[in-house]
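Asks: Sequence and predicted structure, then a few things I'm wondering about:
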Amino acid sequence: MKEFAVKLEKLAEELMDLLCENLGLEKGYLKKAIYGSNGPNFGTKVSNYPPCPKPDLIKGLRAHTDAGGIILLFQDDKVSGLQLLKDGQWVDVPPMRHSIVVNLGDQIEVITNGKYKSVLHRVVAQTDGNRMSIASFYNPGNDAVIYPATALVEGEAKEADEAAYPKFVFEDYMKLYAALKFQAKEPRFQAMKAMESSPNLGPIATA
């Protein structure tokens, strides 16, 4: 598992560099943006979803966006259940052997100024078979200061007060996210924006 985690962390950084290339940012920008003073937070979660005889009576894992940076998911190669919202419709992400599903979290949306969006997703219950998943999360360090990349903020919005997304410390965002995970992400961004403009900022008032 240690070897597995090291390789996935490296893969996450390589994928972030591809995002940088797509956006015209210098190589390593995203890694630096979320690194924090002690590096990123990287962890792996193994989940088991047992079969349910009456899936219409439960919500499964409710719809949400992930709070962090980039997520690498090994799905069960036989039992489905993961869905994402695209153009107002829930779309199945089918099981596929030897594949990794790449998902982006809220922090990538903020840093890329909305050029990349965090994805609303859920897991629905199945009547047959246990579904297993292994999700690895490459998230910002707790003290990382998150804000849109200057190069991606256009025109007058270069002024901090007019930027589409707020500036905040990742740990502060996670405190808010813990209570509002299964609600829309936009109010979370608005709440952080309000904290940013408050005269009593605390750690949010980082330059």
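Replies: Everything's here; your move.

Asks: hey, let's count contacts and neighbours off CA atoms from now on
Replies: Fine.

Asks: State the distance from residue 35 to residue 105.
Replies: 15 Å (CA to CA, to the nearest Å).

Asks: What of residue 97?
Replies: 24 Å.

Asks: What of residue 53?
Replies: For residue 53 relative to residue 105 (CA to CA), the value is 32 Å.

Asks: Residue 19 too?
Replies: Taken as CA to CA, the span from residue 19 to residue 105 is 13 Å.

Asks: quick one, which of these two is more surrounded?
Replies: residue 105 (22 against 19; other CA atoms under 10 Å).

Asks: Is it correct that the more buried one is in contact with residue 116?
Replies: No. Under the criterion of CA atoms under 8 Å, residue 105 makes no contact with residue 116, lying 9.4 Å away.

Asks: what sits in contact with each of those two?
Replies: Common neighbours of residue 105 and residue 116, using CA atoms under 8 Å, 6 or more residues apart in numbering, do not exist here.

Asks: Phi and psi next, for the spatially most central residue of the chain.
Replies: Here the mean C-alpha position of the chain is nearest to the C-alpha of residue 105 (CA atoms, centre = their mean), at a distance of 1.4 Å. Main-chain dihedrals, residue 105, degrees, to the nearest 10: phi -100, psi -180.

Asks: Could you do the one 10 residues further on as well?
Replies: Backbone dihedrals for residue 115, given as degrees, to the nearest 10, come out at phi -70, psi -40.

Asks: what do you get for the one 10 residues further on?
Replies: In this entry, residue 125 is assigned phi and psi values of phi -70, psi 150 (degrees, to the nearest 10).

Asks: residue contacts, it?
Replies: Counted by CA under 8 Å, 6+ apart, residue 125 has contacts 49, 51, 52, 55, 58, 59, 60, 81.

Asks: Look up which helix or strand the second one falls in, please.
Replies: Element membership of residue 51, judged by DSSP states H and E, is empty: it is in no helix or strand.

Asks: Three-state assignment for residue 192, please.
Replies: Classification of residue 192 by DSSP: H, G, I helix; E, B strand; the rest coil places it in helix.

Asks: Neighbours of it, how many?
Replies: Residue 192, neighbours per other CA under 10 Å, totals 21.

Asks: Find the nearest non-adjacent residue to it, please.
Replies: Using CA to CA, 6 or more residues apart in numbering and skipping the chain neighbours, the partner closest in space to residue 192 is residue 166 (6.1 Å).

Asks: mind checking how far the one you found is from residue 149?
Replies: 11 Å.

Asks: more neighbours, those two?
Replies: residue 166 (25 against 16).

Asks: Which residues are in contact with the more buried one?
Replies: Residue 166 touches 110, 147, 148, 189, 190, 192, 193, 196, counting by CA under 8 Å, 6+ apart.

Asks: Need the contact partners of the helix or strand hosting residue 72.
Replies: Here residue 72 sits within strand 70-75, counting by DSSP H and E. Outside of strand 70-75, the residues within contact range by CA under 8 Å, 6+ apart are 8, 12, 16, 95-96, 99-105, 108, 132-139.

Asks: Can you show me the strands along this protein?
Replies: Assigned by DSSP state E, the strands in the chain fall at 41-49, 61-64, 70-75, 82-86, 89-92, 101-104, 121-123, 131-139, 145-146, 168-169.
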